[in-house]
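In: the following block contains a protein sequence and its predicted model.
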Amino acid sequence: MRTDEWYNFRSVPGPEVIVLAMLDETTYEGGTMGPDHAIAWAQEYDGGRSFYTAGGHTIESYSEPVFRDHIATGILWAAGSGSDS
């Protein structure tokens, strides 16, 4: 369980992205995206890489080892330094 500021996006990410994390909208109020509510994704694009996460709005997020690993792995992958680069 965690507390954060969750966004409702205009649309779900397309098939060109790899979804890394989804929200279960039954666990909080205000969700409008349904069962495909992605909150983290990555993609290769035009010779580069991008990583996006909607988490990290609270200071407490950064005391969670799993969240810190999520951020570090995403940054390393986007920089081409990840284990599968």
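Out: Alright, I've got the coordinates.
In: and the next element down the chain from the strand ranked longest in the chain?
Out: What stands out as the longest strand in the chain, according to DSSP state E, is strand 38-45. For strand 38-45, the following helix or strand on the C-terminal side (DSSP states H and E) is strand 48-53.
In: list the neighbouring strands of that following strand plus their orientation.
Out: Using DSSP bridges, the strands paired with strand 48-53 are strand 38-45 (antiparallel).
In: gap between the closest residue to E25 other than its chain neighbours and G55?
Out: Excluding its sequence neighbours, the residue lying closest to E25 (Cβ to Cβ, 6 or more residues apart in numbering) is G31, at 3.2 Å. Glycine gets a C-beta too; all of them are placed from N, C-alpha and C. In this structure, G31 and G55 are 15 Å apart, going by Cβ to Cβ, to the nearest Å.
In: go on, D36?
Out: In terms of Cβ to Cβ, D36 sits 17 Å off from G55.
In: neighbour count for these two, which is higher?
Out: Using other Cβ atoms under 10 Å as the criterion, D36 and G55 rank with G55 on top: 18 against 12.
In: what sits against the residue nearest to the spatial centre of the chain?
Out: When Cα atoms, centre = their mean is applied to the chain, the residue found nearest the centroid is A40 (1.5 Å). Going by Cβ atoms under 8 Å, 6 or more residues apart in numbering, A40 touches V19, L20, A21, F51, Y52, T53, A54, G55, H70, G74.
In: ok, of the residues you listed, which come out buried?
Out: L20, F51, T53, A54, G55, H70, G74 (16 or more other Cβ atoms under 10 Å).
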